[in-house]
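Participant: Turn this into a model:
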Amino acid sequence: MNRYQRYAGELAALIARGELAPGTRLPSVREASRQRRVSPSTVFEAYYLLQARGLVESRPRSGFYVRADAGIPAPPPPSAPAPRSRAVAVSDLVFEVLEATRRPGLVPLGSAFPGAELFPLQQLARALSTSMRRLEPARIVEDLPPGHEPLRHQIALRYGLSGTRVTAGEIVITNGALEALTLSLQAVTQPGDAVAVEAPAFYAALQALERLRLRAVEIPCDPQRGLDLAALADALQRRDVKACWFMPTFHNPTGSTLDAPGRRELMRLLEQHEVPLIEDDVYAELYHGTPPPPPVKALDARGLVMHCGSFSKCLAPGYRVGWVAAGRFAEAVMRAKTMTTLSTAVPSQHALATYLAGGGYERHLRKLRRTLARQYELAARLAARCFPAGTRLGTPAGGYFLWVQFPQGVDTLAMQREALERGINLAPGQIFSTTRRFANCLRLNFGHPRDPRFEPALREIGTMAAGMLRDQRS
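Facilitator: Numbers count the residues shown, from 1 in each chain. Alright, predicted model coming up:
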């Protein structure tokens, strides 16, 4: 991607997220050239590209402005769950939705993973072959929990790149991030305990609470700004919350990110109440432009944060390798791992350690980030054009999910069932709530750039939503 294309992409993302509102004047060519340290011709090319896309317009002797019709619909408002703990019973609905979506050939708009073509599968296969040739039989036993030491060392190095001090000694390798999250939950709770989660929440988090017989305290989540810290402070003050399970970066499903001051306030609240945080951070590498703030883990001086990551969303989904930097709870997590699945697959651990040591990971991530940024811009503009008036869209700065809120009267669970008949897989909003709220919301996966069915599928969704609204009025 050329410099002008990169600059144009960043501006397009700001327009899509509403940070550059319709009518806003872009920096002058001279000003942008000085700020970006690029030539004036690079700035001109970027502005001309945005003009060709219909996002900006040129006004004689005045400059370039965001077009009045370039805006993406406003984001959904913050959620407003009841401020009390409740038992969780979502698995039946989640399994119903997931089971239906396993049919082959569906358009994967409800999938939890980006397209397989985005991953360096051949390079990983070579790394696997190389590492297996070098594997000594004794390593199979040595790589039991906490896991393969060279891999834990590589993960610790990546923490250092974000300014987060983590040693290999507190890292436990797991079977994907979900096991890391669940083991962390087991390490700090007992059945009947209350756990604070976002609303909406990743459905697998709700399922984990249900399986462990824990109670959920839902904290509102703003699709733009993330966690409602005032509501969290009230919940921690009024209720005996034993742990928090939050996704501060590129939240699933809303795509929101908690800013740096918010992270500091979150850490202050955790320390004040001595409540551990399970930080779900599986999308942090997938930013579209500017890197997100360092994880909350970077602010943790007392070992309260269990930071969970994975290679499944950004590098190797089928390898099922995740980890947790568990702070003061590392020993408890390691014991729980030993008593459940014992070990993560040794070949996968060795292959990933070999690949990371080879230095190709950053090149892969740069390409993946650019692709997802372009896909978000496409998805947002298509949704704005195809979905009914009154639809509101999330503004993710990373990841590959778009949170959609249709007008009242659209039932996305009914839409999901109808979409299956049309060959489309969807993730309805009801599976992200303990009480089947968000009935007019939908999580859309835009991470399949080579699927030619993407745009026609969005048009189908728009048609279904419009039909539901007509039926309501008639």
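
Participant: Using the centroid of the chain, identify the residue furthest from it.
Facilitator: residue 61 (42.5 Å; Cα atoms, centre = their mean).

Participant: That one and residue 448: what is the separation?
Facilitator: 44 Å (Cβ to Cβ, to the nearest Å). Every residue, glycine included, has its C-beta placed from N, CA and C.

Participant: where along the stretch 351-474 of the chain do the helices fall?
Facilitator: Applying DSSP state H, counting those that start in this stretch to the stretch 351-474 of the chain gives helices spanning 361-386, 412-421, 454-473.

Participant: possible to save those as TSV with mean pLDDT, mean neighbour count and distance to residue 20?
Facilitator: Output for the helices of the stretch 351-474 of the chain, formatted as TSV (pLDDT from 0 to 100; neighbours: other Cβ atoms under 10 Å; distance: least, Cβ to Cβ, whole Å):
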stretch	mean pLDDT	mean neighbour count	distance to residue 20
helix 361-386	92	18	13
helix 412-421	96	19	30
helix 454-473	94	17	24
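
Participant: Looking at those, spot the one closest to residue 122.
Facilitator: Closest approach to residue 122 among the helices of the stretch 351-474 of the chain (Cβ to Cβ): helix 361-386, 11.6 Å.

Participant: Tell me the helices and strands packed up against the closest one.
Facilitator: Helix 361-386 sits against helix 3-16, strand 392-393, strand 401-405, helix 454-473, with contacts defined as 3 or more Cβ pairs under 8 Å, 6 or more residues apart in numbering; DSSP states H and E.

Participant: can I assume residue 213 is in contact with residue 194?
Facilitator: No - using Cβ atoms under 8 Å, residue 213 is not in contact with residue 194, being 11.8 Å away.

Participant: Now distance to residue 38 too, for the helices and strands packed on helix 361-386, in CSV please.
Facilitator: Converted to CSV, the helices and strands packed on helix 361-386 look like this (distance: least, Cβ to Cβ, whole Å):
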stretch, distance to residue 38
helix 3-16, 6
strand 392-393, 31
strand 401-405, 30
helix 454-473, 32
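
Participant: for these, which one sits closest to residue 351?
Facilitator: Of the helices and strands packed on helix 361-386, nearest to residue 351 by Cβ to Cβ is strand 401-405, at 27.7 Å.

Participant: wait, which of the helices and strands packed on helix 361-386 is closest to residue 324?
Facilitator: Per Cβ to Cβ, nearest to residue 324 of those: strand 401-405, 22.6 Å.

Participant: Please compute how far that closest one lies from its chain's middle.
Facilitator: 12 Å (Cα atoms, centre = their mean, to the nearest Å).

Participant: And for that strand, what's in contact with it?
Facilitator: Here strand 401-405 makes contact (Cβ atoms under 8 Å, 6 or more residues apart in numbering) with 76, 200, 223, 250, 252-255, 376, 379-380, 383, 387, 391-394, 396, 438, 440-446.

Participant: Stretch 349-364 too?
Facilitator: 119-120, 123-124, 127-128, 130-132, 134-135, 139, 143, 147-148, 150-151, 154, 158, 173, 311, 315-316, 319, 321.
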